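In: Next comes the sequence, and after it the predicted model I'd like to discuss.
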Amino acid sequence: MPRTSRPEAHNPKRVPSQARERGWLARDRSLVIALVATAIYAAVAAQHAGLFQPSRFAYFNYLANSFLKGHLSLVELPPSKLDLSPFGGNFYLFYPPFPAVILMPFVRVFGIGFSDVLFTIALGGLNVWLVGVLLRSAVARGIVELSHRQVNLLSLTFALGSVHLPLAAHGRVWYTAQLIGFACVVAAFIAALRLEGSRAFLAVGLAIGCAIMTRNHLIFQGLWPLAMLLDRNQLLPGRLAPEAGRRSRVLACLAAAAIPIVFAIALLAYYNFARFGNPLDLGIAYHQMDPDFRANYERYGAFSLHYLPANFFYQFLAYPFPLRPSSLMGGSLFLLTPVFLASFWASSSRRDRWSAWVLAASIALTAVPILLLMGTGWTQFGPRYTLDFTAPLLLLTAIGLRRWPTWLVAILTVISILHYLSGALYLGTRIV
């Protein structure tokens, strides 16, 4: 009688994926970290404003209220008109409208005075949980090789040791848009890792479409999820299987992803045309900018190489300590969150090296408009625009952390938290 092999469940190197995932769930702390982060966001917010009152710049509340009443212009005006775009006797937002759509049910129930501070606090907690799901999914797919402790530390770094902390605790139109855009991007990444077949392509397309209708340049964040799905389904050029119908399947999958994105772009074009008579006109030329920006705008426009040196300095080089008013111009991505330095080790990984390069490309493409934009994102603490490419940055960091000792990651996490907790509290004393 032939010898039977050992059951697969007893071989730690061949544990089935479902069993492996159940083991991860037993040690996963994503929900706990998200709840702790939410409580800290609320505590930071309580230091400078009432949690149940809207911020001075809760503009999306006003736009949601207008949508509910069938208008594209603001039917009621907020206390401040900074960054609003007057045109044809009406006031508009030049920001894309998806955040206002998300807020419509809240405004309908609670009114225009709904607290955008509470909203960003809750949204921040959701983002932290989504990051935990993303990292765990990347481990399950073999994209990254991290222990559960390293995954929890990286989730904690994002929650309390990155620019996400000050953005989640203060409401405001600018922060709300970035938090929603980030949630859409992470949802696309998770869909690419967890869903199967054409519905995965459709989900990625829907998530990126929503991201585009929140912050236009987030279209570049769809690069990695799409490449991941094509690779998983063996649909990349050079990997097409010979069976009949394979190429038609490629087209069908690409169409499933492209249709929601094309629809989102068309909807934005119609939105612009209905307001300003031009599908490419966002209204940025009319917006009531801070007087400090007016001279540069009139000379260089909204995007220019002229802004590159200052933007690069405040996003990647500046160290904002000791805290002072100029600290609110920004801060170095890597000095404030040194764990992100591990991203530079990602290219040394031998597993799916193409994935690291695609992640890096999506970061670079998203960073181009950020570095060319007028202004650094003031008032803020930390490089707030970098949240737009933090999803691929987290995966690159996770890949690079493979050879970093856990104790070092823990120390750097503590340093990051001290940076951002003190910075967020200081921002609360200066914010209006």
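Out: Okay, I see it. Residues are numbered from 1 along each chain as shown.
In: Backbone dihedrals for residue 373, both of them.
Out: phi -80, psi 140 (degrees, to the nearest 10).
In: which residues touch it?
Out: By C-beta atoms under 8 Å, 6 or more residues apart in numbering, residue 373 lies in contact with 302-303, 307, 311, 385. Every residue, glycine included, has its C-beta placed from N, CA and C.
In: can you map out the helices along the stretch 251-400 of the chain?
Out: 291-300, 308-312, 333-336, 353-372, 390-400 (DSSP state H, counting those that start in this stretch).
In: Could I have the CA atoms of the first one written out in PDB?
Out: In this case it means helix 291-300. Output in PDB follows, covering the C-alpha atoms of helix 291-300 (Å, rounded to 0.1, in the frame of the first residue of the first chain):
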ATOM      1  CA  PRO A 291      -4.300  87.900  -2.000                       C
ATOM      2  CA  ASP A 292      -0.800  86.400  -1.300                       C
ATOM      3  CA  PHE A 293      -1.300  84.200  -4.400                       C
ATOM      4  CA  ARG A 294      -2.800  86.800  -6.800                       C
ATOM      5  CA  ALA A 295       0.500  88.200  -8.200                       C
ATOM      6  CA  ASN A 296       1.900  84.800  -9.000                       C
ATOM      7  CA  TYR A 297      -1.300  83.600 -10.500                       C
ATOM      8  CA  GLU A 298      -1.500  86.600 -12.800                       C
ATOM      9  CA  ARG A 299       2.100  86.100 -13.900                       C
ATOM     10  CA  TYR A 300       2.500  82.300 -14.000                       C
END
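In: Now it: buried residues?
Out: Going by neighbour count (16 or more other C-beta atoms under 10 Å), the buried part of helix 291-300 is 296-297.
In: Kindly report the same for the second one.
Out: Of the residues in helix 308-312, those scored as buried under the neighbour-count criterion (16+ other C-beta under 10 Å) are 310-311.
In: what does that helix rub up against?
Out: Under C-beta under 8 Å, 6+ apart, the answer for helix 308-312 is 370-373, 376.
In: Closest one of the residues you listed to residue 362?
Out: The nearest member of the contacts of helix 308-312 to residue 362, counting by C-beta to C-beta, is residue 370 at 12.9 Å.
In: The residue nearest to the spatial centre of the chain: helix or strand, and which one exactly?
Out: With distances taken as C-alpha atoms, centre = their mean, the residue of the chain nearest its centroid is residue 182 (2.1 Å). Assessed by DSSP states H and E, residue 182 sits inside helix 173-194.
In: Repeat that for residue 37.
Out: Under the assignment here (DSSP H and E), residue 37 is part of helix 30-46.
In: Kindly provide the distance from the closest residue to residue 145 other than its chain neighbours to residue 208.
Out: Using C-beta to C-beta, 6 or more residues apart in numbering and skipping residues adjacent in sequence, the residue nearest residue 145 is residue 402, 4.9 Å away. Distance, residue 402 to residue 208, using C-beta to C-beta, to the nearest Å: 28 Å.
In: So these two - more neighbours on which side?
Out: residue 208 (28 against 17; other C-beta atoms under 10 Å).
In: next helix or strand past the helix holding residue 37?
Out: Next helix or strand after helix 30-46 toward the C-terminus (DSSP H and E): helix 59-68.
In: And that next one, what's buried?
Out: Residues 59-68 are the ones in helix 59-68 that count as buried (16+ other C-beta under 10 Å).
In: Dump the helix holding residue 182 to CSV, restricted to CA.
Out: The C-alpha trace of helix 173-194 is given here as CSV (Å, rounded to 0.1, in the frame of the first residue of the first chain):
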residue,chain,number,x,y,z
VAL,A,173,-13.5,71.6,2.1
TRP,A,174,-9.9,70.9,1.1
TYR,A,175,-9.3,68.2,3.6
THR,A,176,-12.7,66.6,3.0
ALA,A,177,-11.9,66.2,-0.7
GLN,A,178,-8.5,64.6,-0.1
LEU,A,179,-9.9,62.1,2.4
ILE,A,180,-12.7,61.0,0.1
GLY,A,181,-10.3,60.8,-2.9
PHE,A,182,-8.0,58.6,-0.8
ALA,A,183,-10.9,56.3,0.2
CYS,A,184,-11.8,55.9,-3.5
VAL,A,185,-8.2,55.1,-4.5
VAL,A,186,-7.8,52.5,-1.7
ALA,A,187,-11.1,50.9,-2.6
ALA,A,188,-9.8,50.5,-6.2
PHE,A,189,-6.6,48.9,-4.9
ILE,A,190,-8.5,46.5,-2.7
ALA,A,191,-10.9,45.6,-5.5
ALA,A,192,-7.9,44.7,-7.7
LEU,A,193,-6.6,42.4,-5.0
ARG,A,194,-9.7,40.8,-3.7
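In: Give me the average confidence score over that helix.
Out: For helix 173-194, mean pLDDT is 97.
In: ditto for stretch 159-170
Out: 96.
In: just to revisit the earlier point, so which bits of the helix holding residue 182 are buried?
Out: The neighbour-count check on helix 173-194 (16+ other C-beta under 10 Å) flags 173-193 as buried.
In: thinking again about what came up before, please work out which residues outside the helix holding residue 37 touch it.
Out: Residues outside helix 30-46 that contact it (C-beta under 8 Å, 6+ apart): 51, 117, 120-122, 124-126, 128-129, 131-133, 136, 152, 155-156, 159-160, 165-166, 168-171, 421, 424-425, 428.
In: buried subset of the residues you listed?
Out: Looks like the contacts of helix 30-46 have 117, 120-121, 124-126, 128-129, 131-133, 136, 152, 155-156, 159-160, 165-166, 168-171, 421, 424-425, 428 buried, using 16+ other C-beta under 10 Å.
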